[in-house]
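*Asks:* the amino acid sequence is not available; the structure is as follows:
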């Protein structure tokens with residue numbers, strides 16, 4: 001239920017109309033300053049409203065980001081699974097420990113260095129060099 005609500009609210013609040021309404025409300029608050037003699041109560045209204053909105057928006061944004069990230073990972077996992085000569089051990093890599101991810105990152109940095117060296121020597125950048133050849 002929260003997922004549906006957060007997607008709905010993200011669509012409503014993540015557009016130019018919502019931003020325009022927020023700007024109008026701030027301008028209205030500023031215009032009311034002289035009427036309320038720029039009192040502490042006048043200032044507390046904007047502080048309280050913006051704090052509450054910010055607090056709630058953090059949860060909406062995080063929910064939306066989590067959903068987008070999961071969808072992106074699924075799409076990438078499908079690409080890895082479907083293509084030949086890909087390293088299937090990268091499927092669901094986001095669930096690995098930080099140490100394992102760091103080891104893979106090191107391997108891929110070495111692979112990038114290897115590929116760049118080949119390019120400088122006039123070799124093609126096409127193909128999929130096996131990452132395991134670096135360990136030999």
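*Replies:* Good, I have the coordinates. This structure is a prediction, so every number in the text was calculated from the model and none was measured. Residues are numbered from 1 along each chain as shown.
*Asks:* helices of this structure, residue ranges please.
*Replies:* 2-13, 16-31, 40-82, 98-120 (DSSP state H).
*Asks:* and those as CSV, adding distance to residue 88, mean pLDDT and mean neighbour count?
*Replies:* Quick note: C-beta positions are derived from backbone N, CA and C, even for glycine. Written out in CSV, the entries for the helices of the chain read as follows (distance: least, CB to CB, whole Å; pLDDT from 0 to 100; neighbours: other CB atoms under 10 Å):
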stretch, distance to residue 88, mean pLDDT, mean neighbour count
helix 2-13, 30, 86, 13
helix 16-31, 43, 94, 11
helix 40-82, 6, 92, 12
helix 98-120, 13, 86, 12
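*Asks:* to residue 92, which of the ones you listed lies closest?
*Replies:* Across the helices of the chain, the minimum distance to residue 92, taken as CB to CB, is reached by helix 40-82, at 6.4 Å.
*Asks:* and the closest one with helix 16-31, angle?
*Replies:* Orientation of helix 40-82 against helix 16-31 (axes from the mean of the first three to the mean of the last three CA atoms, to 10 degrees) gives an angle of 160 degrees.
*Asks:* follow-up on the earlier one: now the helices of the chain in a markdown table, with distance to residue 91?
*Replies:* What follows is these, written out as a markdown table (distance: least, CB to CB, whole Å):
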| stretch | distance to residue 91 |
| --- | --- |
| helix 2-13 | 24 |
| helix 16-31 | 38 |
| helix 40-82 | 5 |
| helix 98-120 | 12 |
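*Asks:* what's the spacing between the closest residue to residue 81 other than its chain neighbours and residue 76?
*Replies:* Residue nearest to residue 81 in three dimensions, not counting chain neighbours: residue 91, with 6.1 Å by CB to CB, 6 or more residues apart in numbering. Remark: distance between residue 91 and residue 76 (CB to CB, to the nearest Å) = 9 Å.
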